[in-house]
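In: Sharing a model that was predicted from the sequence below.
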Amino acid sequence: MRASIHIRLTTLAFLIFVSTFTWASITGSVSGVVTDSSGAVIANAQVVAIDTQTGIRTSVTTDAKGFYSFPSLPVGTYDLEISQVGFKTFRQTGLVIDTNSALRADATLTVGTASEKIEVSTDSVHVETESTQMGEVISGKTMTAVPLNGRAFTDLLALQPGVSPYTSTDTGMAGINDRPVDGGLNSGSQSVNGQREAANGFMVNGSNVEEGKTNGAAIIPNLDSIAEFRIITNNFDAEYGNYSGGQINVVTKSGSNNFHGSGFEFLRNTALDAKNYFSNPGDPTPVFRQNQFGGTFGGPLVKNKTFFFIDYQGTRQTQAPTQTATLPSLANFGGDFTDSAGSFADSQGNPFGVNGQGFADVLNARMNLPAGTITDGEPYYFAGCADQTQCVFPNAVIPQNAWSPVATKMLGLGLFPQTSSPDNLFITSAYAQKLRDDKAGIRIDQNTRFGTLFGYYFVDDYLLNSPFPNGGATVPAQNFAYNAVTAGRAQMINYTKNFGAFAVNEFRFSYVRNALVLATPQGGVGSNFSLSNLGFVTPWGAAGGISPIQPSLEGVPYMVFNDFQIGVPQVSTRQYNNSFQVLDNFSKVIGTHSIRFGGSFHYDQINERNLAAENGQYGFSGSETGIDFADFLIGSPDSLTQASPQLLDSRSKYYSLYAQDSWRVTSNLVFNYGLRWEASMPWYDTQNKIETIIPGKQSVKFPGAPMGYVMAGDPGVPRTLGPTRWNNFSPRLGLAYSPNSSSGVLGKLFGGPGRTSIRVGAGLYYTSVEDLSQFLEVGDPP
């Protein structure tokens, strides 16, 4: 235990002190020029930015050209005070700093005494005149004012120009996605300006919260805890990389000098819903009950020094959607197929016959017929056949002594849903899935003489119990209910230090973890449903024998028919993601240049254990008799699938360096330019189990493998399969021009100084590849 603790502490220390990491700002900047009424610049004026919530004051002085700059102010609302001996104090109120914003706030001082004040209010409409990054900010007030089903900020991403939401083809029910985000919410998969859905970056308080399997958001903070979020859709500055789609940054709320709290309850229930179109007229409205409740509370621990903000949201949902499927008739369950006798022949009228003498002998033995009575190719049934000398099943009836042991046992256990409907249509809303989700966050902010510090911790625990074991496609049967469990954790530390009036450094460390256990059977497993008790031949090695891959999950195999399925979930997954990030931003104002630079590193782990058809997956399509359920009764599947456990321990590393300058060429023209270098290591497996194709190359690790089929670790084949590219350089260029005409045609056209912004930009961008590709690279046993 001591050795383990020592290793963990050493690793943590290494991650903290290893090369600096830059990811994204959670601050904005304000700059401007201070002049007198004649237009002459005023040097050495004191400029103070006051956070209206916390009272924290940040001071700078103007330079010889009257220029001042706050390169890094936390998101919030500020008052700006400017004073100089011989002039009245200038005060501008309501200045809103958004994530990555670059505001221009010039001031004109008039002659007077410092005790005299001139106060102006900030225009509520802000035009971006300095930044060339394209994107919008959504405030927390706007988010909570919009009715959102699920209350996730990711549902608002598609409101931005150039963003196309990704529409899944599944039933949209919680817990059935391949890799669901915590809480079963929208993971934010969007196509931004035509990029792939997996090409977007997700951040909370400037730290990466991407899950590497599908590149979606790993955590979704409570809506009421979000101060704002910004999605940058184009022309990223050099500080952004690793993703070429959108950069989404969520900033959580902090406490203030006053105590504030809120509470909420959102209700949806059956009484407010309409009946499903496909429900029977006499059936009640399907059950749907959803309660989302919680609250927030924040305030000072020490006024002007230490602040806290906590939030919680609970979700409880019970849903019984209408399910439909076409089932065998009650007569079919007894072996009588006279109602579908025509299906014993193909579309040309040719009857289906016994496929092979081996299976004919099996039927002879079951039915106690002399050897050779049933022969290869003999029709199972044709119209008018009433004698076993002419067809296998006279009168289209399969006697029970012809049934397979599996069919006899499974039908005896009542594992199949049945319907007495004349059209064999099974319609029900009697089975409900239940969802429980609890998420909470806490943020502590500390203002010290050494700088400002904040920590953020987020937790999300999610449980789904569902009677729909295979993505909602299986006819619901309580025998096959399953659980899906996910847990998300995020821990972040941010330290900001000012070096004089014009330099700021931001350091962050974060750790994000996601754990999920999907499709764990709760029914249809156990000794009563062991393969031997269900009539299967066991174990492996026996003629036709089968055994479970995972003994603890031994149960009813997954069986696929033309119109319905039964059995335990087809795939069970355990996945554990860990992501470590260290990041640092350094900003300095030198004259008319606002310079930023830094470097980056993060390390990602994904440990996965997948079980596919652990008890076997059988397909029945009617390939033997022409009727899928008849094939089941006689034990003639057209396919059997059983996969060995899929073990993946994926790893990836990411590095980058960048430098960025925002140069104020003139009072109304800003030139942004920068260069980014980044290297993203392709995902690799710690046990080197992934493979690829290199034509003409013979594997040395597995000499018996086909020519061209090579594994990680073979000569010339890196464990990442593809090489890591160390020469990815990304130049970024942009111009922001704000016409300053205040009169004439141009003044009317552009609305006056600061009312119009013309921005252009260009750049080269690289994007990471999600680990989902590893599924295609796992080696098959040679």
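Out: Right, received. Where do you want to start?

In: Phi first, then psi, for Thr27.
Out: Phi and psi for Thr27, reported as degrees, to the nearest 10, are phi -130, psi 170.

In: so what's it up against?
Out: Residues counted as contacts of Thr27 (Cβ atoms under 8 Å, 6 or more residues apart in numbering) are Ser72, Leu73, Pro74, Val75, Ile97, Thr99, Asn100, Thr496, Glu506. (C-beta placed from N, C-alpha, C; glycine too.)

In: who's it bridged to?
Out: Beta-bridge pairing of Thr27 under DSSP bridges involves Pro74.

In: returning to that earlier point: which of the contacts of Thr27 scores worst on pLDDT?
Out: Ranked by pLDDT, the contacts of Thr27 bottom out at Asn100 (78).

In: Name whatever forms a beta bridge with the residue nearest to the spatial centre of the chain.
Out: Taking Cα atoms, centre = their mean, the centroid of the chain lies closest to Gly216, which sits 2.9 Å from it. In this structure, Gly216 bridges to Glu211 when assessed by DSSP bridges.

In: Do I have it right that it meets Gly201?
Out: No - between Gly216 and Gly201 there is no contact under Cβ atoms under 8 Å: 11.0 Å.

In: any common contacting residues for these two?
Out: Common contacts of Gly216 and Gly201 (Cβ under 8 Å, 6+ apart): Glu210.

In: In its sheet, which strands sit next to the helix or strand where Val96 lies, and in what direction?
Out: Remark: Val96 resides in strand 89-97, with elements defined by DSSP states H and E. Take DSSP bridges as the rule and strand 89-97 pairs in its sheet with strand 76-83 (antiparallel), strand 117-121 (parallel).

In: that older thread, save the contacts of Thr27 as a markdown table, and put in neighbour count and distance to Gly734 too.
Out: Shown next, in a markdown table, are the contacts of Thr27 (neighbours: other Cβ atoms under 10 Å; distance: Cβ to Cβ, whole Å):
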| residue | neighbour count | distance to Gly734 |
| --- | --- | --- |
| Ser72 | 23 | 20 |
| Leu73 | 21 | 22 |
| Pro74 | 24 | 25 |
| Val75 | 25 | 22 |
| Ile97 | 23 | 21 |
| Thr99 | 25 | 18 |
| Asn100 | 26 | 13 |
| Thr496 | 20 | 26 |
| Glu506 | 23 | 22 |
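
In: Taking these together, which two end up most distant?
Out: Asn100 and Thr496 (15.4 Å; Cβ to Cβ).

In: Got the domain ranges for this structure?
Out: Residue ranges for the domains of the chain, per automatic domain parsing: 27-121, 326-427.

In: what distance separates the longest one from the middle of the whole chain?
Out: Going back to what we said before, that points to domain 326-427. Distance of domain 326-427 from its chain centroid, counting by Cα atoms, centre = their mean, to the nearest Å, is 47 Å.

In: For Gln323, name its beta-bridge partners.
Out: Beta bridges link Gln323 to Thr428, judged by DSSP bridges.

In: Pull up the gap between it and Gln92, please.
Out: Gln323 sits 61 Å away from Gln92, going by Cβ to Cβ, to the nearest Å.

In: picking that back up, how far does the strand holding Val96 sit from its chain's centre?
Out: Averaging C-alpha positions (Cα atoms, centre = their mean) puts strand 89-97 39 Å from its chain's average.

In: ok, then the element right after that strand?
Out: Remark: after strand 89-97, the chain's next helix or strand is strand 102-104, criterion DSSP H and E.

In: Give the pairing partners of that next one; include direction for each.
Out: Listed by DSSP bridges, the sheet partners of strand 102-104 and their directions read strand 27-36 (parallel).
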